[in-house]
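>>> Provided below for reference: sequence and predicted model.
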Amino acid sequence: MSTPFDPLPDAYRVRLDELRVAVAEIGLVLPGTVLDRYMPCGKPGCRCQAAPPLLHGPYCQWTYKVDAKTRTSRLHPDEARALRLWTAERRKLTLLNQRWDALGLEAAAEIHELLHR
Ligand SMILES: [Zn+2]
């Protein structure tokens, strides 16, 4: 006969509520990264060809993957501000998801320990 157990002990309830609150604050999310790039133009004699080179830019770029292929898109600075925020939100969500997984793994290990001693 197995020992009855609470599927959501208080110790986990508090941490789960913290994760729920944090996730509820996440806005739009976007995969990929928004970067400021500096690049050479290739024109002979241009400052970007000097030593040391003075590259052109910054150019805002959004890099992301679709079907395992990397895509890059040049952004307007205003667009870059929004997309940078959304990619940061996605990184926060990914971290919260990892913490949520870790909590579930910890709870599963504890229940396993309790029922198999
Ligand atoms: Zn140049």
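Now that the structure is in, tell me what you want to look at. On a predicted model such as this, the values are computed, not experimentally measured, just so you know. Numbers count the residues shown, from 1 in each chain.
>>> flag every buried residue along the lengthiest helix in the chain.
In terms of residue count, the longest helix belonging to the chain (DSSP state H) is helix 77-115. Buried residues in helix 77-115, defined by neighbour count with 16 or more other Cβ atoms under 10 Å: 80, 83, 84, 86, 87, 89, 90, 96, 100, 107. C-betas here are computed from N, CA, C, even on glycine.
>>> do the same with stretch 59-66
60, 61, 62, 64.
>>> the helix or strand that contains the first one: what's the following helix or strand?
When secondary structure is defined by DSSP states H and E, residue 60 falls within strand 56-66. Sequence-wise, the next helix or strand beyond strand 56-66 is strand 69-75, with elements assigned using DSSP H and E.
>>> quick one: mean pLDDT over that next one.
Confidence for strand 69-75, expressed as mean pLDDT, is 97.
>>> so the longest helix of the chain versus strand 56-66, what angle?
Calculated by axes from the mean of the first three to the mean of the last three Cα atoms, to 10 degrees, helix 77-115 forms an angle of 40 degrees with strand 56-66.
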